[in-house]
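**Student:** Requesting a structural model of the entry that follows:
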Amino acid sequence: MHLLSASCVCALFVAALLRQANSLETVIGLYGETVEIPCNNAAINAEDILITKWKYDKGEGLPGDLLVKQKNQNVSISATDEYKGRVSMAANSSLLLSAAKLTDQRTFTCMVVAGADISEYPVNVLIYKTAAGLEISDKAEDLEIGKLTKLGKCVAKDSNPAANITWRKNNTPLANGKGISIQASVLVDPVTGLSTTSSVLEYSAEKEDTDAEFSCSTRHAVGSELVSSPATFTITYSTETIVLQVTAQDPLVEGDNVSLKCLADGNPAPTAYNFHLKGELVKVENTDTYTITNVSRDSTGEYKCSLVDDPTMEASKNITVSYLDIKLSHSGTDVKKTAGQALNLTLQIDASAGVKVSWTKDNVKLNKEPTFTKLTYADSGRYECEVTMGLLSQKDFFELAVEGVPVIRRLSKKRGADHGHKVLICEVEGSPKPAVSWSINGTSLDETPFVNGKITHKITVVPTANLSVSCSVSNEFGADSRTINVSSINGEVRMDKQGPSDDNDQTKLVVGVVVGLLVATIVIGLAYWVYMKKSKQGSWKTGENEDGSSEEEKKLEEKVEENSQKAEV
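**Tutor:** Modelled structure (predicted):
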């Protein structure tokens with residue numbers, strides 16, 4: 001019985017070798033974790049499987065048994081070496097290998113017996129491990145421009161396979177080339193078999209590398225990318241350019257302060273500078289700034305700064321102090337002039353650039369500069385000029401008062417709306433404001449505002465008889481008076497009652513009175529002509545003047561004038 005079993009086993013083994021797959025399946029496991037190695041028996045019905053056995057390649061063609069499971073029986077562990085206590089079988093016949101090590105990288109074979117057939121499924125196992133960390137060490141203190149210098153060493157510890165390290169500048173990968181040298185090395189731990197990769201970067205810095213961030217990274221076949229903390233380096237180089245920076249208010253005006261700052265591109269920066277201040281040399285140490293206080297228009301000019309150690313390295317800047325001065329020939333005080341006179345007005349401007357001038361009178365903009373060749377009362381007011389130069393502006397003003405003797409420009413009258421009173425109107429021009437008085441008392445006194453030397457005064461009267469009313473005006477320069485005849489309101493009422501109240505009859509009455517007065521004037525003139533003729537005839541006898549009596553002639557002219565005034569009223 002035993003011999004038959006041995007013969008059968010040998011036959012089955014030979015058949016299994018004949019049916020072994022030509023290629024191996026590969027399974028990747030993670031270091032220290034459990035690896036599941038599949039048994040590729042999906043093509044065989046599980047009910048037909050009699051025996052499942054796992055073994056491994058010990059090397060030199062020697063197999064090692066791990067476990068076996070017969071149908072309807074529990075798994076039997078046969079491992080006695082390094083796999084003792086580390087192997088088990090899953091429900092799907094996969095081999096479970098715990099605490100994976102690098103020594104587990106070998107071939108494991110699943111053998112399946114189903115009826116008279118024996119199949120084998122070899123699986124190649126690889127164990128991977130990501131690096132334990134990534135850091136930059138042995139960092140340089142500084143980098144000198146144009147000199148290949150060891151920047152640092154990047155180390156990726158305990159990985160499998162060995163890590164591939166990439167250097168980056170500002171997240172841009174670096175490669176061997178001009179000014180860049182990268183050398184990598186790998187060290188394998190004799191106990192764990194894990195690899196530690198070291199990469200050294202030598203770098204020739206440029207000025208633009210100031211504040212640049214250097215880092216290193218690695219990406220494993222499994223797991224995420226590892227990136228080191230960024231490192232920055234001091235880039236040292238000599239000064240190549242120098243700039244003078246001016247800080248001041250805009251615009252810079254007299255009384256302001258100006259800060260001069262000398263900026264050199266060397267690193268480390270110079271610690272001492274010379275400032276050339278319009279012929280004066282000032283040396284400053286441990287600072288790059290010099291402040292000029294309380295500048296004046298004389299401060300305008302060229303300023304320079306240079307290195308104390310290398311005076312040929314210098315920079316310059318022109319500084320302009322803006323100024324704007326104005327002066328009115330009549331400024332800030334009351335200017336009093338007599339009407340009809342001329343006022344010579346001049347505006348002097350002293351400015352560092354072109355200006356614009358604008359004028360206002362009593363806050364109303366004028367289209368041009370005011371000129372006064374013959375002053376009128378309307379010229380009185382507050383004149384203000386504003387001169388602007390960019391953001392600068394200056395203002396000045398004067399108060400002009402045109403004065404003179406008051407004059408009554410017009411004295412008039414009009415009948416009230418109810419025909420029961422008359423309104424007398426006195427229009428006056430003069431300055432200062434004239435005082436107005438009437439030779440008659442009245443009511444409803446009204447006075448317009450005193451504007452541009454003009455004022456109008458009104459008075460309401462109810463005359464009971466024909467009157468001659470005077471309007472008198474005066475100020476400190478003199479006085480004026482005019483008279484107007486005012487007829488009686490009662491007389492006008494009686495004339496209104498003599499006929500019908502319609503306007504046509506009133507018109508006829510007035511025309512009749514005027515015609516009568518004209519006829520009387522003609523009669524008087526005719527009588528005067530007859531009288532003169534007789535006088536001339538008599539003069540031949542008496543020797544009197546041919547022109548007649550001038551005294552009588554004056555009396556007649558006064559009479560005619562009196563009649564004319566009555567007709568007007």
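
**Student:** what bits of this structure have low per-residue confidence?
**Tutor:** 1-23, 41-43, 490-521, 523-569 (pLDDT under 70).

**Student:** which other helices and strands contact the lengthiest strand in it?
**Tutor:** Ordering each strand of the chain by length in residues (DSSP state E) puts strand 392-415 first. Packing partners of strand 392-415 (3 or more C-beta pairs under 8 Å, 6 or more residues apart in numbering; DSSP states H and E): strand 324-328, strand 334-338, strand 381-389, strand 422-431, strand 467-475, strand 478-486. Quick note: C-beta positions are derived from backbone N, CA and C, even for glycine.

**Student:** for it, which positions count as buried?
**Tutor:** 392, 394, 396-398, 400-408, 411 (16 or more other C-beta atoms under 10 Å).

**Student:** what do you get for stretch 191-207?
**Tutor:** Across stretch 191-207, burial judged by 16+ other C-beta under 10 Å covers 193-205.

**Student:** Just the C-alpha atoms of it, please, in CSV.
**Tutor:** Extracted C-alpha coordinates of stretch 191-207, given in CSV (Å, rounded to 0.1, in the frame of the first residue of the first chain):
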residue,chain,number,x,y,z
VAL,A,191,20.6,43.2,8.7
THR,A,192,17.4,44.5,7.2
GLY,A,193,18.6,44.6,3.6
LEU,A,194,17.0,48.1,3.4
SER,A,195,18.8,50.8,1.3
THR,A,196,19.7,54.4,2.3
THR,A,197,20.3,56.7,-0.6
SER,A,198,22.4,59.8,-0.3
SER,A,199,22.5,62.6,-2.9
VAL,A,200,25.0,65.5,-2.8
LEU,A,201,24.3,68.7,-4.8
GLU,A,202,27.1,71.1,-5.8
TYR,A,203,25.8,74.4,-7.1
SER,A,204,27.2,77.5,-8.7
ALA,A,205,24.9,80.3,-7.5
GLU,A,206,23.7,83.4,-9.5
LYS,A,207,22.4,86.7,-8.1
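
**Student:** Give me the residue at the spatial middle of the protein.
**Tutor:** Asp250 (15.7 Å; C-alpha atoms, centre = their mean).

**Student:** hey, what's Val469 bridged with?
**Tutor:** Beta bridges link Val469 to Ile484, judged by DSSP bridges.

**Student:** now Lys336
**Tutor:** Ala401.

**Student:** wait, isn't it in contact with Ala401?
**Tutor:** Yes. At 4.8 Å, Lys336 and Ala401 qualify as touching, with contact defined as C-beta atoms under 8 Å.

**Student:** just the angle between the longest strand of the chain and strand 467-475, please?
**Tutor:** 170 degrees (axes from the mean of the first three to the mean of the last three C-alpha atoms, to 10 degrees).

**Student:** Do a quick rundown of the strands in the stretch 1-150 of the chain.
**Tutor:** 25-30, 35-37, 49-59, 62-70, 76-77, 87-89, 95-97, 107-114, 117-128, 134-137, 142-144, 148-159 (DSSP state E, counting those that start in this stretch).

**Student:** which stretch among those strands comes nearest Cys305?
**Tutor:** Judged by C-beta to C-beta, the one of those that comes nearest to Cys305 is strand 142-144, at 26.2 Å.

**Student:** roughly how far apart are Leu263 and Ala212?
**Tutor:** Note on Leu263: its distance to Ala212, by C-beta to C-beta, to the nearest Å, is 21 Å.

**Student:** and what of Glu427?
**Tutor:** 91 Å.

**Student:** what does Ser238 give?
**Tutor:** Distance of Ser238 to Ala212, given as C-beta to C-beta: 19 Å.

**Student:** These two - which one has more neighbours?
**Tutor:** Ala212 (18 against 12; other C-beta atoms under 10 Å).

**Student:** isn't that one right next to Lys169, touching?
**Tutor:** Yes. Counting by C-beta under 8 Å, Ala212 touches Lys169, with 5.6 Å between them.

**Student:** hang on, the earlier thing: can you state the direction angle for the longest strand of the chain and strand 422-431?
**Tutor:** 150 degrees.

**Student:** Report the distance from stretch 268-285 to the chain centre.
**Tutor:** 36 Å (C-alpha atoms, centre = their mean, to the nearest Å).

**Student:** for that stretch, which positions count as buried?
**Tutor:** Result for stretch 268-285 [16+ other C-beta under 10 Å]: buried residues Pro270, Tyr273, Asn274, Phe275, His276, Val284.

**Student:** coming back round to it: in a strand, the residue nearest to the centre of the chain, correct?
**Tutor:** No. Going by DSSP: H, G, I helix; E, B strand; the rest coil, the assignment for Asp250 is coil, not a strand.

**Student:** Can you tell me how far the nearest residue to Lys84 once chain neighbours are set aside is from Trp54?
**Tutor:** Spatially, and ignoring its direct neighbours in sequence, Lys84 is nearest to Ile77 (7.6 Å; C-beta to C-beta, 6 or more residues apart in numbering). Relative to Trp54, Ile77 is positioned 10 Å away (criterion: C-beta to C-beta).

**Student:** Ile28 now?
**Tutor:** 19 Å.

**Student:** more crowded one of these two?
**Tutor:** Trp54 (30 against 13).

**Student:** how about the spatially closest residue to the more buried one that is not a sequence neighbour, what does it touch?
**Tutor:** For Trp54, ignoring the flanking residues on the chain, the nearest one in space by C-beta to C-beta, 6+ apart is Leu66 at 4.4 Å. By C-beta atoms under 8 Å, 6 or more residues apart in numbering, the contact set of Leu66 is Trp54, Lys55, Tyr56, Ile77, Ser78, Ala79, Tyr83, Val87, Leu95, Phe108.

**Student:** try it again with 6 Å
**Tutor:** Trp54, Lys55, Ala79, Tyr83, Val87 (C-beta atoms under 6 Å, 6 or more residues apart in numbering).
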